[in-house]
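In: Okay, here's the prediction I keep looking at, along with the sequence it came from:
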Amino acid sequence: MQTNSDTSTTTLKPVHEHTQRLSYADTDPAGILYYATWFPRMEALQTEWLLLNGFRQDTLLERFGWWTVSRATHCDYLQAAKLFEEITIELRVGEIGNCSVRFDFQMWRRSDQTLVATASIWLVTVSPEQKAIRLPEVFRTFLESGADQ
């Protein structure tokens, strides 16, 4: 989707996306999306994309000897999202560092293609001892292929 807001957004194609209708449980008493609702949805989209591409979170340690942990999150709320609106969440691979990757998200209201929120989650690869390690080459290669889309 293209933005119709003044907020600067990336032009990279999303690597994964999902559309869902907001439910009563997602909103506050006024029927407006509760701010914390975005975080589980972003994490679910990211987890699904990794799973579909062979990086199943619950088997990373067993298969590769490392796993990922969330280091930080950030979300900018740009427009209100309301009960029963359909929202598409798009995932993009952002900055790839030595030990971490940033996943960027855009949340779009389908009815008018308005960008309602942008967000990021930073993941760090860690050893079994929970020490940050360099991104393993297999993971870096995979992430870079997503960043090039």
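Out: Here it is on my side, so go on.
In: CA atoms for contacts and neighbours, from now on please.
Out: Fine.
In: Extract the residue ranges of this protein that are flagged as low pLDDT.
Out: The chain contains residues with pLDDT under 70 at 1-11, 148-149.
In: Report all helices and strands that the lengthiest strand in it contacts.
Out: Longest strand of the chain, by residue count under DSSP state E: strand 114-126. With contacts taken as 3 or more Cα pairs under 8 Å, 6 or more residues apart in numbering; DSSP states H and E, strand 114-126 sits against strand 67-77, strand 100-109.
In: right, and the helix or strand after it?
Out: helix 137-147 (DSSP states H and E).
In: Relative to the whole chain's centre, how far out is that next one?
Out: 16 Å (Cα atoms, centre = their mean, to the nearest Å).
In: Please identify the buried residues of that helix?
Out: 140, 143, 146-147 (16 or more other Cα atoms under 10 Å).
In: I'd like the residues you listed written out as TSV, with distance to residue 113 added.
Out: Output for the buried residues of helix 137-147, formatted as TSV (distance: Cα to Cα, whole Å):
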residue	distance to residue 113
140	32
143	28
146	24
147	24
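In: who's in contact with the nearest residue in space to residue 72 that is not next to it in sequence?
Out: With Cα to Cα, 6 or more residues apart in numbering as the criterion, residue 72 has its nearest non-adjacent residue at 5.3 Å, and that residue is residue 122. Shown in contact with residue 122 (Cα atoms under 8 Å, 6 or more residues apart in numbering): 70-73, 100-103.
In: I am finished for the moment; much appreciated.
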